[in-house]
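S.K.: How does the following fold in three dimensions:
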Amino acid sequence: MNLVRTKIESYEFMNGNNLININSDQTSTVTISQTTFTYITQTGAGKGSVINAQLDQDSILKVTDSCTFYNCSTQQYRNCTGGAIYARVDGSNSQFIVSDLVKFDKCQSYQGGAISVELLNMGTCEVNNVQFKECTVNGGGIFAQLQETGGILTITNHTSFVQCVNGNNDGGGINIVINGSNSRCIISDKVVFEKCEAGWGGAIYIDQNDGASFDVHNVTFKDCDAYNYGGAIYIEQREGGSFDVHNVIFEKCQAQTGSAIYIEQRTRGSFDIHNVLFEKCEAYLGGAIFIEQYFRASFEVHNVTFDQCICRDYGGALFYSVRNQNAISSCILDGVQFIDCSIQYRGGSMYIQEQTGTATINGSTFSGSVSIRDGGAIYAQLRYDAELIIENTQFKDCYSANSDGGSILASINNGSLIVNKVTFVGSSCSQPGSGGAIAIEQNSSDSRISIIESSFTNCHTLSGSSSRYGWGGAIYINIKYNPPTLTVANFNLTDLTFSDCTAIENIGNNLHILSDDRTAVGNQIKTESLLTVTDLSDLPNIISDLYTSLQYAYDYMGINQSKVGDGYAQFTDHEPLFEQFFISNVPNPSYIDAINGKDIKFCGGQSSKCKTIKYSTERNPTPLSGIIPTDSSYSIILTSNTESDTDIQIMSTTLNKGHVVIQSDGYNSIEDYTKQSILTSSKTQSLFTITGSGHLELLRLHFDNLNPTSNNPLISISADSDFPPQLQIEDCEFSQDPDSYSIYQLSHSIISISGGIMKLVRTKIENYEFMNGNSLININSDQTSTVTISQTTFTYITQTGAGKGSVINAQLDQDSVLKVTDSCIFYNCLTQQNEDNRGGAINAVVSGSNSQFIVSDLVKFDKCQSFQGGAVSVELLNMGTCEVNNVQFKECTVNNDGGGIFAQLQNSGGTLTITNHTSFVQCINTRWGGGGILIFSDGSNSRCIISDNVTFEKCDAEWGGAIYIEQYDGAKFEIHNVIFKECKAQAGPGGAIFIGQYEGVSFTANNVKFKECEAGRGGAIYIAQGEGGSFDVHNVQFTKCISQYDGGALFYQSQNQNAISSCILDGAQFIDCSSQYDSGSIEILEQSGTATISGSTFSGSKSVYEGGAIYTELYDDAALTIDNTLY
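M.R.: Take a look at the predicted model:
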């Protein structure tokens, strides 16, 4: 029969009659196309209001080509089935085909709102590109029965089920009963289920038995809802059978249990899911999938994504349960992604309940999983021989709120948890939870834990709704049996990696174990090496001192059950797991974090930093064994600025051996990086006090000052024994607290030394103002001090009040040494320019033959000022020495004595040496003598030597533009290989040098050059000679020197009538020298003694009045000898 382009409407049949009835007694072939059936109603017990077909003996029913069934219905009583069509298809060549844009709209029945089909003896049914819309009852669109004798149901090619509803029972879109190994159902090729609803199986309800197979491929389920189980699919598997879901999308499906799929696998069934997306599905149990296995069933999930699936109770995306102890079932998840899945109770992504069998998760990712109770990603109960294996998987940013196990919580009772090559990043839980990444309950010695080659990064326990618990930043294990018996068979945590994990109060940042006997647990772990951790600083090796080093004290901790109480146990109730094996009680190095650190017993490790330096240094490193640690020094590393420290004592017994190194985190002497600050401007006590044989090193730190009113030094070092204390400062910065710098001057020094050894290297010190004569560095005389300062810069250091040396005031007695060397810079360092102020930068009193003050190797003084000694003031006595070697003085000024250096050599003797390319450039004395240097030298043991290419350039003073020197009582002065250029004594004497000689002193000059020097008298040199003085000059050159009055180059005056004095000029050259009055080159006024000029040359000498080259006045026994000389 062919029925084509026909309109059939408004029929009501009674007693089970139909519009079209196809009987089974003969072969029938029926084709219906382009035909509309509207308002066809059947009353009484019947099947198919439009068509009732018995398709036997190769019969075929084909409904095709845009047929429409609208409001076709049977009564909704039992035995009423197929609102529009009922077909019984019997035989391998019998077919029921519905295809090509056929539509069923608002059709109803008790079973199969649109179609009811029964397949047997390999009959087939094909539903191809068909629309079912708003069809209702049990199997709202299709009710299908595939009998034991076999059959094939195919639903394919854009077929859709939209708003199909079963208000009472099973399958909003389809209800299928499928039996036997020859029965197969295939739903594929862009089939869509949208907004379908039912009590069980909002889209599809499947009753699968005896080896039947069911495939769902390339299908979309959207907004499907079940009031009870299986928002999209409900399936019961009995006695084998397979269910395959491939390339399917489940979107916004909902149910009480299993919002996308609910499946019960009773016996030997298999369930495989491949390349499926579950998105925004919601349920009370199993946010996407709920599966129960009973016996020998298998469940496999491959390359599946669960995205934002939500559950209220258990399993945000997946609930997996093995119900029988001997079920021997399996679950495999491979390449699965869980993205932002969450739950209000346990298992943010998965809830696993195994009595037996094996569940495996491999190559998968859990990202952003959240639970409100336990197990941010996974909650697992493992009983009997059950085994959960997690391999090659990543947990990222998973979180358990107010509960245990940020990523995993496992309760093990004779089961096994195996975690292999798994990565945990950013996992956390909040109090009263413990175990930022993993929490485990080990309920018996047969409960097996194995965590191998896994890493934990930024895992934390966080503050939460309670202050209880919060232990184990990465792993928390509760050993619930007694006594704990750990072996490699039941406890294996090896080749683990931890990075930046933290716990509340540092209680087990990496691992925390609760047991009845913490000591026994620690012993067992160490004895059998049950815990090994990768050394991040020496990959791929493991930490060799994990059990013995304090660095890990708070990373691996435990507590005895007897101390737990309600979880409010005090920090001190917890102990390091391996405390009994520690070789020290103080970590070396110890880390300081003033913001987040805590001063607790074993603080100082990377993950349990101390809060203050003081606490860290006041501990006793000797451990429980009583064996003193072998550490020769202890390092303290600052990871933040601190304002908490004061009164830190570094002494012989500090940390056993007294050697402490404090530095910024990551310090090395080459690279530039942040210097951590130790801020003390609110404190009044010294920050550091170093005594005995204490040894303190400060590396790459920043310091300021104490309270401006404090009289204590910021850092104090003092000797009180034969073993001197030591202070070493390298690569640091010092500057006055900016809040006080513009308002207050300091009443204290920064460093005070009373004996000991100090080295100051590569340090920058700037912007300090001191009052009451305080200096930046004060070196006292009561003990021997050795101070070396190198590669250090001092900038804008100011001293007010009566004082000496804004930067350094040194009393160098008892073999003390001060050495300033290696390119140090002093810029704008000044005292006030009042009487009793001396040494703009440095003042040193050097007493004793072994006491030394050395300034050398490219040190620079620039724009320094004082009343005496613009840069340096030095006093030598008792044979003390001062050496200035290759130093630059530039634009240093005074208003009384010595623009660059003011030196006093007392009668008890001393030696001042200025040598090796030292230079004085534009140094000025605005009121008195010595633009570059002023020297008072007294006594026969006092000697001053200036030699080896020292230069004075454009220095200026009233007397002695470059050098002013007064010699007494046998003092000696020597100048060798020195150049004076454009030096000036304004209207006074000695454009370059003024010399006052008294009582048998000597002045010797060799190979000295004076160029364009100028003065009122003695354009280059003015010498006033007293009793027994000698002035001995060899191979000296005067070029274009000028005097405003007398002695264009040299003015020599022998003052005492009976003085036995001498003046010798040998090999001197006078070139173009001139005066504005007498004596173009030399003026000699002798009361007595002998003056000799020999082997010399005068060329171009000029005077306005008398003596174009030489003018002389000789009195009494005075004599002048000139020989072998050229004019």
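S.K.: Give me the helices and strands touching the helix or strand bottoming out on mean pLDDT in the chain, please.
M.R.: For the chain, the helix or strand with the lowest mean confidence is strand 136-138, at a mean of 81 (criterion: mean pLDDT, DSSP states H and E). Using 3 or more C-beta pairs under 8 Å, 6 or more residues apart in numbering; DSSP states H and E, the elements in contact with strand 136-138 are strand 108-111. Every residue, glycine included, has its C-beta placed from N, CA and C.
S.K.: Name the next helix or strand downstream of the strand it packs on, please.
M.R.: Sequence-wise, the next helix or strand downstream of strand 108-111 (DSSP states H and E) is strand 115-120.
S.K.: Who are the packing partners of that following strand?
M.R.: Judged by 3+ C-beta pairs under 8 Å, 6+ apart, strand 115-120 is in contact with strand 85-90, strand 95-105, strand 123-133, strand 142-146, strand 151-156.
S.K.: Next, format those strands as a markdown table and append mean neighbour count.
M.R.: Below are those laid out as a markdown table (neighbours: other C-beta atoms under 10 Å):
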| stretch | mean neighbour count |
| --- | --- |
| strand 85-90 | 27 |
| strand 95-105 | 22 |
| strand 123-133 | 23 |
| strand 142-146 | 28 |
| strand 151-156 | 24 |
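S.K.: now those as TSV including mean pLDDT and distance to residue 1002?
M.R.: As requested, the helices and strands packed on strand 115-120 are exported to TSV (pLDDT from 0 to 100; distance: least, C-beta to C-beta, whole Å):
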stretch	mean pLDDT	distance to residue 1002
strand 85-90	96	137
strand 95-105	97	128
strand 123-133	97	124
strand 142-146	96	128
strand 151-156	98	122
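S.K.: can you put these in a markdown table and add distance to residue 404?
M.R.: Converted to a markdown table, the helices and strands packed on strand 115-120 look like this (distance: least, C-beta to C-beta, whole Å):
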| stretch | distance to residue 404 |
| --- | --- |
| strand 85-90 | 56 |
| strand 95-105 | 52 |
| strand 123-133 | 48 |
| strand 142-146 | 47 |
| strand 151-156 | 46 |
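S.K.: Select, out of the ones you listed, the one closest to residue 328.
M.R.: strand 142-146 (28.6 Å; C-beta to C-beta).
S.K.: Parallel or antiparallel, which strands does that closest one pair with?
M.R.: If you go by DSSP bridges, strand 142-146 pairs up with strand 115-120 (parallel), strand 174-179 (parallel).
S.K.: can you list the domain ranges for the protein.
M.R.: 2-581, 630-764 (automatic domain parsing).
S.K.: Pick the most deeply packed of the ones you listed.
M.R.: The highest mean neighbour count among the domains of the chain, using mean count of other C-beta atoms under 10 Å, belongs to domain 2-581: a mean of 23.
S.K.: That one: end-to-end distance?
M.R.: Terminal residues of domain 2-581 are spaced 94 Å apart (C-alpha to C-alpha, to the nearest Å).
S.K.: where does that domain sit relative to the chain's centre, distance-wise?
M.R.: 41 Å (C-alpha atoms, centre = their mean, to the nearest Å).
S.K.: just stretch 1089-1102 next, same as before
M.R.: 77 Å.
S.K.: what sits up against that stretch?
M.R.: Residues outside stretch 1089-1102 that contact it (C-beta atoms under 8 Å, 6 or more residues apart in numbering) are 1025, 1048, 1052, 1054, 1059-1075, 1080-1082, 1084, 1108-1110, 1112, 1117-1127.
S.K.: One more: stretch 1033-1044?
M.R.: Outside stretch 1033-1044, the residues touching it (C-beta under 8 Å, 6+ apart) are 987, 991, 1004-1020, 1048-1051, 1064-1077, 1079, 1081.
S.K.: Just name whatever secondary elements the helix or strand where residue 37 lies is in contact with.
M.R.: Assessed by DSSP H and E, residue 37 sits inside strand 36-42. Identification of packing neighbours for strand 36-42 by 3+ C-beta pairs under 8 Å, 6+ apart yields strand 7-13, strand 68-70.
S.K.: of all these, which lies closest to residue 593?
M.R.: Nearest of the helices and strands packed on strand 36-42 to residue 593, taken as C-beta to C-beta: strand 68-70 at 75.3 Å.
S.K.: Same list (the domains of the chain) but as TSV, adding distance to residue 827.
M.R.: As requested, those are arranged in TSV below (distance: least, C-beta to C-beta, whole Å):
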stretch	distance to residue 827
domain 2-581	41
domain 630-764	11
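S.K.: wait, what's in contact with residue 49?
M.R.: By C-beta under 8 Å, 6+ apart, the contact set of residue 49 is 13, 18, 19, 40, 41, 42, 72, 73, 74, 82, 83, 84.
S.K.: and which of the residues you listed is nearest residue 740?
M.R.: Among the contacts of residue 49, residue 83 lies closest to residue 740 (C-beta to C-beta), at 92.1 Å.
S.K.: give the contact list for the closest one.
M.R.: So residue 83 contacts 48-49, 72-74, 104, 107-109, 112-115, 135, 137 (C-beta under 8 Å, 6+ apart).
S.K.: From residue 104, how far off is it?
M.R.: 8 Å (C-beta to C-beta, to the nearest Å).
S.K.: shared neighbours of those two, which are they?
M.R.: Counting by C-beta under 8 Å, 6+ apart, the contacts common to residue 83 and residue 104 are 72, 113, 114, 115, 135.
S.K.: give me the low-pLDDT residue ranges for the stretch 1-150 of the chain?
M.R.: 139 (pLDDT under 70).
S.K.: Please repeat the previous calculation with a cut-off of 80.
M.R.: Scanning the stretch 1-150 of the chain with the threshold set as pLDDT under 80 gives 24-25, 138-139.
S.K.: Select, out of the helices and strands packed on strand 115-120, the one closest to residue 479.
M.R.: strand 142-146 (53.2 Å).
S.K.: quick one: that closest one to strand 85-90, angle?
M.R.: When axes from the mean of the first three to the mean of the last three C-alpha atoms, to 10 degrees is applied, the directions of strand 142-146 and strand 85-90 differ by 10 degrees.
S.K.: Can I get strand 142-146 in CSV, CA atoms only?
M.R.: Extracted C-alpha coordinates of strand 142-146, given in CSV (Å, rounded to 0.1, in the frame of the first residue of the first chain):
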residue,chain,number,x,y,z
ILE,A,142,9.5,6.0,21.8
PHE,A,143,8.9,2.8,23.8
ALA,A,144,11.0,0.0,22.5
GLN,A,145,11.3,-3.7,23.4
LEU,A,146,14.1,-5.8,22.0
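S.K.: Which residues outside it are in contact with it?
M.R.: By C-beta under 8 Å, 6+ apart, strand 142-146 touches 81-82, 109, 111-112, 114-120, 125, 127, 132, 152-153, 155, 171, 173-180, 183-185, 212.
S.K.: Perfect, that will be all.
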